[in-house]
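Trainee: Sequence and predicted structure, then a few things I'm wondering about:
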Amino acid sequence: MVVEDDAATARVVKGALTEAGFVVETLDKGFLLVAVVMRFQPDMVVLDLNLPDMRGDTAMKMVRRATNVGGKTLPVVILSGMPIEQLMEIQGHLGAVGCIQKPASLDTIVDRLCQLLSWPRKDRKPEAAT
């Protein structure tokens, strides 16, 4: 699940993640996030902090309250243009599993999400043995 209010950013991130083997849904507002998360049960949420209807950290808190069942927590990665120090502080306060500062390359975003989910990159061919 990618929550990003900038349509162009959402489109290119979704495209890169889809090419890498992810199934991606996008939202551009935080208020629908809880309902959509409950319906689709994504493996991870990539969340912008500056949304038009509410701050992403507020949306994240709502998701956490609604989805924390049996101690299992939905992994959330913050994707924002805020200074990295601020992102890391918010990450710590909110229990996000990671943060990525925009602008970031699509390879960086895909690599980081694959790493956090312990998934191999499906869009890359294995390197030949030497």
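Mentor: Perfect, I can see it now. The structure displayed is predicted, hence computed values, not measured ones. Numbering: from 1, shown residues only.
Trainee: Could you use CA atoms for every contact and neighbour count after this?
Mentor: Fine.
Trainee: where do the helices sit along this structure?
Mentor: Along the chain, counting by DSSP state H, helices occupy 7-19, 33-40, 56-67, 84-94, 106-117.
Trainee: Including mean neighbour count, could these go into JSON lines?
Mentor: Formatted as JSON lines, the helices of the chain follow (neighbours: other C-alpha atoms under 10 Å):
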{"stretch": "helix 7-19", "mean neighbour count": "16"}
{"stretch": "helix 33-40", "mean neighbour count": "15"}
{"stretch": "helix 56-67", "mean neighbour count": "18"}
{"stretch": "helix 84-94", "mean neighbour count": "14"}
{"stretch": "helix 106-117", "mean neighbour count": "16"}
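Trainee: Compute the distance between Glu19 and Leu79, please.
Mentor: From Glu19 across to Leu79, the span is 19 Å (C-alpha to C-alpha, to the nearest Å).
Trainee: which one is Ala66 nearest to, not counting chain neighbours?
Mentor: Nearest residue to Ala66, sequence neighbours excluded (C-alpha to C-alpha, 6 or more residues apart in numbering): Val34, at 6.9 Å.
Trainee: Could you measure from the one you found over to Val3?
Mentor: Applying C-alpha to C-alpha, the value for Val34 to Val3 is 12 Å.
Trainee: Thanks a lot, catch you later.
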